[in-house]
Every structure is written in C-alpha cells, then in structure tokens.
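> what shape does this take:
(one chain, ligands or ions: 1)
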Amino acid sequence: MNSISYFLGGIFLTLWAADVRAQTSKAPFNPYHYTITKNGQFNKAAVASGHPLASEAGVYVMRQGGNAFDAAIATQLVLAVVYPGAGNLGGGGFLIARKTDGKLVGLDYREAAPAAAHRNMYLNTAGNAQTQLSQNGRMAAGIPGTVAGLFATAQHARLPVARLIQPAIDLAEQGFVITAKEAAALNSHKNDFIQYNSVPPVFVKATAWKAGDTLVQKELAATLRRIQQQGAPGFYEGETAALLVAEMQKGNGIITLEDLRHYTVKERTPLEFDYKGHHVIGFPPPSSGGIILWQVMKMIEQYPLAQYGFQSAQAVQLMIEAERRAFADRAAHMGDPDFYKVPVQALTSSTYLQQRMSSFTPGKATRSSAITESRFTESEETTHISIYDAEGNMVSVTTTLNGSYGSKTVVAGAGFLLNNEMDDFSIKPGVPNKYGAVGGEANAIQPGKRMLSSMCPVLVTRHNKPYIIAGTPGGTTIPTSVFQTLVNMIDFRMSAADAVNKPKFHHQWLPDEVYVEKSFSPIVKQQLEKMGYTVTERAAIGRTEVICTNGKQITAAADSRGDDSIAGF
Ligand code: DON
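From the prediction side, this is the model:
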C-alpha cells in the first residue's frame, strides 16, 4: 500500500484534538491527524474519493452494516464539510449504480434553472454575455439538487440518513484540520469570499490559512442537523429554505421558496455500449458525459491502439480526433432531454460514428472548422466517488458546485456554498462558458431546465461481472479523462493507479487546441505540432478515482493530483 502520511498541526493541536475527540467522535477516524492513501487492495469493500476523511466515512458506514449506497451518502455529506471547494449541499450531481442483481440505477440530481430564469438573463442591454453574473454570486446559482439526491439514494441504502449524516455533523461542529492544498485554495479565494458575501463566511480569516489549521463550520453543522431531524424538507423547506431565499434577496438571486419546494430528482436510464469485450454503463443527458464517452470509444474501437503504443503520437492523434468530433456534437445537440430532443440514437449509431471518422487523416490534424454540425431527422469544482461493497454493488457518483467554491456565495446563517451551475447553460449561442464549451438552442436557459453537464460517472462490467467504477471532475475534460483512463486499463492493460496517474490530454473541438498536462511527453508534443496541432500545456487534468475488481480482490486508486484518498477493508 502506498500512503503519504500528513502530520497536520503541531503538538499543541494534537493534545487539544485528543481532548475534543474523546468527547465526541463517533466515527473511528481522527479529523486532526489523518493519512492520505493513494492506492490499496482490499477483500470486501472500498471507497475512493476526493478526501481521506470522506473515504473513511464511507468505509465506516459499510462496516456498520451499510452498503455502497449508504457509503455514497455518508461520503458525499463528509465531502460537503471537508472539501468545501467541491463537496456540497448547495450543488448537484449524478449517481449511477449497478446493484448485485445487475439492475441499473441512474439518479439525476443536477441543479435546475429557477422559475424566473430566462434565455437572456445574462445578457446586458447591448446583448453581450456577462459571464461574471453566470459564474459568481447569487445569480449564478441553480436550484440545488444534492440533498434531494441523497434522499433518493437512501431508497437503495440500509441505514437511516439520520445516522449516515452524523460523521458530517461531527466534522462540521468540532472541526477538522485542513491540508496544504485546501489552505492554498482558501487563501486564493479570500477576496472572492469577501466580494460575494454580505457577511464574511468562516472561510475568511485575518491571517493566511496553513496546513494543520482547524476549520470549524457551526452554521453548516446546524443545517446538517435540520436535515438529520426533518429529512429533505430540512433543506428545501423551513429555516434552511428561508435562509437561502433571504440570501437571494440580498442581491440579484432569483431562487424562490417555490423553486426549492418543487425540486425533484429524476431517474434516468443509463446508456450502455460494448467496447472490446467490455460493457460500459454511462450517464445520459442532461450529462453529455455518457454520449461523448460512447462516441469516442466507438470511434477508436477498430484501430489497434495497443500496437500503436501508449501515448505514441499515432494513438494520441486518433484519440484527439475522436474527441474533437464528439465535442462538436455536444455543442449542437446536447441538453436537458426534458426540454430538448437529444438525438441519442443517431449520435451513437455505428454508421454515424464511422461516417464522422471518415475525414480522419492519420498524421494530419483535421481543422475544427471542417467539422460541421450534423443534422438528424430522428424524432475545477467537482468531485467524484467510486464505491464497491461486499455484496457486489457498484456505485459511481460525480457531484459539483461547478467552479471552485461554486458561486463563492455562502448562504448566511446556513453555512453552505451555492453552486454557479447556471454558467453550464449556453448563456448566449457561441459564447464559451467557464470551460470554453459553446452551445446553442439545445442548452439555452429555460425555467426548470437542467444545464448540460460533462460529468461522466461510469461503470464497466466484463462477462457480466463488476470490473471498473470510475469518474473524475474537470469540466469539459471529464469525458476525455474517463476515456483515457478506460483505454489505459483496457487497451494498454495498465493498473488502476497507472491509468489514473499517467499524463492526460484533451481536445474539445473549440478552441481548436490540444491541451496537455505538464508531464506529457515533449517528443510526442513536437510530433503533434508537426501534424498541424496547436498544443498548449495546462494545469492538472482531472482527479480520477478508480475501483477495479477481478472478482476476488478489489483495487482502489485515488488520483495523485489532489488530496484524493482511498479506504477499504
Ligand atoms: O457539470 C459539469 O460539467 C461542470 N459543472 C463540472 C465542473 C467541474 O468538473 C469542475 N471541476 N474541476
């Protein structure tokens, strides 16, 4: 097992921490001294998530008799406390699961546009897009879906939510020590927290945050307690709802009590396709993730990728060209299926995908301007959790606030951050969102509509048996990271840890550029440039969590790019 031990805090902190723990801690993990574990092997169950305390909470509830769904609930709730940049109560997500009996579950708890939202709400009088409004502050928030999602998940779980929420309450109330990465993230957002809140939230401190500082969130603990006592109405009605609406009224927010009361989780039928003897199960619209994954994997399936070699220029070029074509379709055809007819069948038909790749020229870059819209007649911050339990249930959840710390607005008195998911709509045709994605009619704003996502929680079975549970954050890079992780494991036969940690690359049609991580091979970069690609280095791509099983042993791998950590037994 490869683990990195973080000693967070000095002797004073440790002694004080031990005292608090003795009075309160119901879970066996120590919030003041914990370990990040990047990969490991287990016999019964495992969790891989964005934070060690969250993975431990998931394992803890499974040890208490819960299953993977219980773990998904406890892990998400702890993430809402210990990973405020992405874990959330004020955001939304998608959960995909395969139960022991093979039955699939797809839960869509994506945020929705408030009733007062309208197509041009982010345009000024001159008709120009104002992305500062769709990305920051109260007006950027969609109606949160996470809490409703947790209660929908509970229908498949064993333990009461009131019990599953306790670790999160303890961590919010008593505090936990923050990592160096969290300290840096909080410091770099300090001005935003001041700007987008009328009362400075607990994330604002006079001096800079450092690793080992304790973050206590009393107001968040009180909100969690209301949910513990009242269930979902503890969030969508009563005091929490009133605080959220009061927050809206302090500025230009538009979410109302009715919006909150009417929010519902939607059950979605997962998408399924085969790739080289593997069965892949992905999330359908309103995520583009599953369709993109289906398209890119089928576009490359006939090519001998393993023969080309891992991240050889030949293999990378093929994958880039598949990505370019899939993202062109995303922009034109994908949106909330309850408001726009997404031509899923046409987009994923083998004839169409073959025809789409007919313009692919090995050794030469296609221009994005040459990839035109098809017509059919057919009627940085998000976080991922992969879980496998002792009964064989597979659960894959990606949840998001959209940007880091979402809108940066904390609901005063309720202690949770609001998402800035409205920016995932196409706020004006052709105007890029936070992740550079463009769109049009399919993803235009309408009241009640869910904004198009790229999130791509995925499951893979082999011979009808559980094999891989995976997913990642990363905006538009999500489906391409999942694509590369699966190809690394299936075509290049890599271990889960290698598949996750190898350098990633990304193309999204527009802009017509290939993004690569700093660790990407400089030689292959040059070869791609010779073929006519513009290659741009960028910050880390994704934070992928993978659990993989061969039927006997479970291997869990957490991405080395963040504080991600695995746990199991
Ligand atoms: O749903 C989406 O596609 C985006 N809101 C995800 C944002 C994200 O992954 C940010 N993480 N780095």
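> ok, longest helix in the protein?
Identified as the longest helix of the chain according to DSSP state H is helix 313-333.
> counting by contacts, list what it packs against.
If you count contacts as 3 or more CB pairs under 8 Å, 6 or more residues apart in numbering; DSSP states H and E, helix 313-333 packs onto helix 289-300, helix 305-308, helix 477-490, strand 505-506, helix 522-531. Yep, even glycine has a C-beta here, placed from its N, CA and C like the rest.
> show me what the fourth one is packed up against.
Think strand 505-506. Applying 3+ CB pairs under 8 Å, 6+ apart, one finds that strand 505-506 contacts helix 313-333, helix 477-490, strand 514-517.
> quick check: mean pLDDT of the helix or strand hosting residue 58?
Residue 58 is part of helix 52-63 when elements are defined by DSSP states H and E. For helix 52-63, the per-residue pLDDT values average out at 98.
> tell me the helices and strands packed up against that helix.
Secondary-structure packing of helix 52-63 (3+ CB pairs under 8 Å, 6+ apart): strand 35-42, strand 46-49, helix 68-82, helix 166-174, strand 382-388, strand 565-568.
> wait, residue 257 touches residue 241, no?
Yes: Residue 257 is in contact with residue 241 according to CB atoms under 8 Å; the separation is 5.7 Å.
> so which of these two has more stuff around it?
A direct count of neighbours by other CB atoms under 10 Å for residue 257 and residue 241 places residue 241 higher, at 22 against 15.
> what residues are up against that one?
235, 257, 260, 261 (CB atoms under 8 Å, 6 or more residues apart in numbering).
> can I assume residue 105 sits in a helix?
No: Residue 105: not assigned to a helix; according to DSSP: H, G, I helix; E, B strand; the rest coil it is strand.
> what bridges to it?
The partner list for residue 105 in beta bridges (DSSP bridges) reads residue 97.
> out of the helices and strands packed on strand 505-506, nearest to the ligand?
Taking CB to the nearest ligand atom, helix 477-490 is the member of the helices and strands packed on strand 505-506 nearest to the ligand, at 5.7 Å.
> and the closest one with helix 289-300, angle?
Between helix 477-490 and helix 289-300, the angle formed by their directions is 50 degrees, by axes from the mean of the first three to the mean of the last three CA atoms, to 10 degrees.
> check which helices and strands helix 477-490 is in contact with.
helix 289-300, helix 313-333, strand 458-462, strand 465-471, helix 496-501, strand 505-506, strand 545-549.
> please identify the most buried of the ones you listed.
Comparing those on average neighbours per residue, with mean count of other CB atoms under 10 Å, the densest one is strand 545-549 at a mean of 28.
> ok, then the element right after it?
On the C-terminal side of strand 545-549, the nearest following helix or strand under DSSP H and E is strand 554-558.
> CA atoms only for that next one, dumped as CSV, please.
As requested, the backbone C-alpha atoms of strand 554-558 are provided in CSV (Å, rounded to 0.1, in the frame of the first residue of the first chain):
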residue,chain,number,x,y,z
ILE,A,554,-10.6,-5.1,-5.0
THR,A,555,-8.0,-2.5,-6.2
ALA,A,556,-8.7,1.2,-5.4
ALA,A,557,-6.7,4.1,-6.8
ALA,A,558,-7.0,7.8,-5.9
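> same question for it: list its buried residues.
When burial is assessed from 16 or more other CB atoms under 10 Å, strand 554-558 yields the following buried residues: 554, 555, 556, 557, 558.
> repeat for stretch 488-495
Under the neighbour-count criterion of 16+ other CB under 10 Å, stretch 488-495 has 488, 489, 490, 491, 492, 494 buried.
> please apply the same query to stretch 121-133.
Within stretch 121-133, the residues that qualify as buried by neighbour count (16+ other CB under 10 Å) are 121, 122, 129, 131, 133.
> check stretch 172-184 too.
In terms of neighbour count (16+ other CB under 10 Å), stretch 172-184 has its buried residues at 172, 173, 174, 175, 176, 177, 178, 179, 181, 182, 183.
> hang on, isn't the second one packed against residue 221?
Yes: the pair residue 173 / residue 221 is scored as a contact, 4.0 Å apart, by CB under 8 Å.
> about what we covered before: turn the helices and strands packed on strand 505-506 into TSV, columns for distance to the ligand.
What follows is the helices and strands packed on strand 505-506, written out as TSV (distance: least, CB to the nearest ligand atom, whole Å):
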stretch	distance to the ligand
helix 313-333	10
helix 477-490	6
strand 514-517	13
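> okay if I get those as CSV plus mean pLDDT and distance to residue 79?
What follows is those, written out as CSV (pLDDT from 0 to 100; distance: least, CB to CB, whole Å):
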stretch, mean pLDDT, distance to residue 79
helix 313-333, 97, 27
helix 477-490, 98, 17
strand 514-517, 98, 24
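> closest one to residue 391 among these?
Checking the helices and strands packed on strand 505-506 against residue 391 by CB to CB gives helix 477-490 as the closest, at 23.5 Å.
> quick one, that closest one and helix 313-333 angle?
Using the same axes, to 10 degrees, helix 477-490 lies at 140 degrees relative to helix 313-333.
> neighbours of the nearest residue to residue 558 once chain neighbours are set aside, just the number please.
In this structure, residue 558 finds its nearest non-sequential neighbour in residue 564, 3.7 Å apart by CB to CB, 6 or more residues apart in numbering. Residue crowding around residue 564 was assessed by other CB under 10 Å; the count is 27.
> quick one: residues contacting residue 564.
Contact analysis of residue 564 by CB under 8 Å, 6+ apart lists 36, 38, 48, 49, 50, 51, 543, 545, 558.
> the last one: what's it in contact with?
Taking CB under 8 Å, 6+ apart, we find residue 558 in contact with 36, 37, 38, 39, 48, 49, 55, 500, 545, 564, 565, 566.
> can you pull the residues of the chain lying near the ligand?
Proximity of the chain to the ligand is assessed by CB under 6 Å from any ligand atom, with 380-382, 400, 402, 421, 424, 453-455, 473-475, 478 identified as the residues in range.
> now, the contacts of residue 241 that are in helices?
Taking DSSP H as the definition of helices, the contacts of residue 241 contribute 235, 257, 260, 261.
> hmm, residue 244 and the third one touching each other?
To tie it back to what came earlier, the one meant is residue 260. Yes: in this structure residue 260 lies within contact range of residue 244 using CB under 8 Å: 6.7 Å.
> give me the more crowded residue out of these two.
More neighbours surround residue 244 than the other of residue 260 and residue 244, with 30 against 22 (other CB under 10 Å).
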